[in-house]
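**Q** Build me a model from this:
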Amino acid sequence: MHDYQRPPTLHRYGMRTDLEQALAAGQFRLTPANGFLTLSFSQAWDKRLFDVLGPADCCLVIHNTEEFGERLHRAVQRTLPNWAGIDGPVEYGVRSRLGQAFTATADQGREQEWKFAWRSLSPQASMNPVTVRIGNIEQFAELRSPESYPV
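**A** The predicted structure follows:
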């Protein structure tokens, strides 16, 4: 499904109420971008990203990215059977070989984004946001507040 080694941790900055749902139920919202449904994470634990990726008052830290990625791909496959998924690093300032969905401007580089993306195999598919649930992920994920960032 991917030919990149997933990073050891993934970070999703957001509001605590949303991230509590992500932790307890594995609930994630895929949003349309560049002809794909996407879900983005950062490879970085960086206090500045609470503002850059905000509004955010919390960070979901995923420690077992392989388990997480496989569960996410399976859940999307069940929900959107005619869609193909991939995940990989976003490249900044150059065109990613994974395409437009994985390409961003150089000034966004501090985000160190890792993206999951799906595209429809049928040309007339609707591009509405989709919520998927992968089940509780507390055994390999945690919530952190900005205050827990080491000084």
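
**Q** hey, let's count contacts and neighbours off CA atoms from now on
**A** Noted.

**Q** chain center to the longest helix seen in the chain, what's the gap?
**A** Of all the segments assigned as helix in the chain under DSSP state H, the longest by residue count is helix 65-79. Centroid displacement of helix 65-79 relative to its chain, using CA atoms, centre = their mean, to the nearest Å, is 11 Å.

**Q** repeat for stretch 36-48
**A** For stretch 36-48, the distance to the chain centre is 6 Å (CA atoms, centre = their mean).

**Q** buried residues in it?
**A** Buried residues in stretch 36-48, counted by 16 or more other CA atoms under 10 Å: Phe36, Leu37, Thr38, Leu39, Ser40, Phe41, Ser42, Gln43, Ala44, Trp45, Asp46, Lys47.

**Q** Just the C-alphas of the helix or strand hosting Glu20, formatted as CSV.
**A** Using DSSP states H and E, Glu20 sits in helix 16-25. Extracted as CSV, the C-alpha positions of helix 16-25 are listed here (Å, rounded to 0.1, in the frame of the first residue of the first chain):
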residue,chain,number,x,y,z
ARG,A,16,-9.2,18.3,22.6
THR,A,17,-12.8,17.3,22.1
ASP,A,18,-12.1,16.1,18.5
LEU,A,19,-8.9,14.3,19.6
GLU,A,20,-10.6,12.6,22.5
GLN,A,21,-13.0,11.1,19.9
ALA,A,22,-10.0,10.1,17.8
LEU,A,23,-8.4,8.3,20.8
ALA,A,24,-11.5,6.6,22.2
ALA,A,25,-13.3,5.6,18.9
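
**Q** Averaged pLDDT, that helix. What do you get?
**A** Here helix 16-25 scores 96 as its mean pLDDT.

**Q** Enumerate the positions of it that are buried.
**A** So helix 16-25, judged by 16+ other CA under 10 Å, has buried residues Arg16, Leu19, Glu20, Ala22, Leu23, Ala25.

**Q** Can you name every helix or strand that that helix contacts?
**A** Identification of packing neighbours for helix 16-25 by 3 or more CA pairs under 8 Å, 6 or more residues apart in numbering; DSSP states H and E yields strand 58-62, strand 141-144.

**Q** May I see the buried residues of the worst-scoring helix or strand of the chain on mean pLDDT?
**A** Ranked by mean pLDDT, DSSP states H and E, the weakest helix or strand in the chain is helix 49-52, scoring a mean of 92. The neighbour-count check on helix 49-52 (16+ other CA under 10 Å) flags Leu49, Phe50 as buried.
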